[in-house]
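[1] Build me a model from this:
(chains A and B)
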Amino acid sequence: ETGVTQTPRHLVMGMTNKKSLKCEQHLGHNAMYWYKQSAKKPLELMFVYSLEERVENNSVPSRFSPECPNSSHLFLHLHTLQPEDSALYLCASSQDDARGQETQYFGPGTRLLVL
Amino acid sequence: GQNIDQPTEMTATEGAIVQINCTYQTSGFNGLFWYQQHAGEAPTFLSYNVLDGLEEKGRFSSFLSRSKGYSYLLLKELQMKDSASYLCAVAYSGAGSYQLTFGKGTKLSVIP
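    Model prediction:
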């Protein structure tokens, strides 16, 4: 595996379900990110982790819970989501979190549908 | 807050040149990125500008004017595979906070 991988690629869940999205980067990077991409809206930065510590949380609802057990893996735990949470969730990584000057490499995303 | 504007859609002919503009308003500016995103795929990095001027990379060039809050992406010798969305993203920092804000993207259609 190379680059940034995400699983699952597609997910359909009910509002009462609990699921997790997984991201893995094989680039030796130190920073990882979660983004949400909704139709007709710009990419929204959700969380930033640098060396496994959360450095940014952009007022994301608590029904989204990130976890970064090591610098290669990032999870997004989902519970009691709403239909408006349906979107493409993208993971990205960069060499370092150098105040935004780092190129980010994106995974293919998880297409989430909440019913 | 941060404000990034770019055209929603553009159409250009194969072999031609197209310029995609991006204007922004931000404080603590830390650079501007252009990403390409094909439908159903992840964004991929195209360019990064932090100083004024033109950066050329093959068929793609990116320009930045910090005083005007303006950037453009120039695509030359357009190919059908260049049909994609082009995302302008501004990095900024302040008070120990890091942010990267994306524009809504410009959907470019290349026609024969």
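
[2] what's across from residue A:13 in the sheet?
    Beta-bridge partners of residue A:13, counted by DSSP bridges, are residue A:114.

[3] go on, residue B:55?
    residue B:62.

[4] helices and strands of chain A: which one has the lowest mean pLDDT?
    Lowest by mean pLDDT, DSSP states H and E among the helices and strands of chain A is strand A:53-57, with a mean of 74.

[5] quick one: that one near chain B?
    Yes. Using Cβ under 8 Å from any Cβ of the partner chain, strand A:53-57 reaches chain B at A:55, A:56. In this view, the C-beta of every residue, glycine as well, is placed from N, C-alpha and C.

[6] What strands flank that strand, and is each parallel or antiparallel?
    strand A:44-50 (antiparallel).

[7] how about the CA coordinates for the partner strand, as CSV?
    The C-alpha trace of strand A:44-50 is given here as CSV (Å, rounded to 0.1, in the frame of the first residue of the first chain):
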residue,chain,number,x,y,z
GLU,A,44,-14.3,21.9,5.7
LEU,A,45,-11.3,21.1,8.0
MET,A,46,-12.6,19.2,11.0
PHE,A,47,-9.6,18.0,13.0
VAL,A,48,-5.8,18.3,12.8
TYR,A,49,-3.4,15.9,14.6
SER,A,50,0.3,16.6,14.8
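
[8] List the buried residues of it.
    By neighbour count on 16 or more other Cβ atoms under 10 Å in any protein chain shown, the buried set for strand A:44-50 is A:44, A:45, A:46, A:47, A:48, A:49, A:50.

[9] Can you add distance to residue A:4 and pLDDT and give those back as a markdown table?
    Shown next, in a markdown table, are these (distance: Cβ to Cβ, whole Å; pLDDT from 0 to 100):
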| residue | distance to residue A:4 | pLDDT |
| --- | --- | --- |
| A:44 | 18 | 90 |
| A:45 | 16 | 88 |
| A:46 | 16 | 91 |
| A:47 | 15 | 89 |
| A:48 | 15 | 88 |
| A:49 | 14 | 88 |
| A:50 | 16 | 84 |
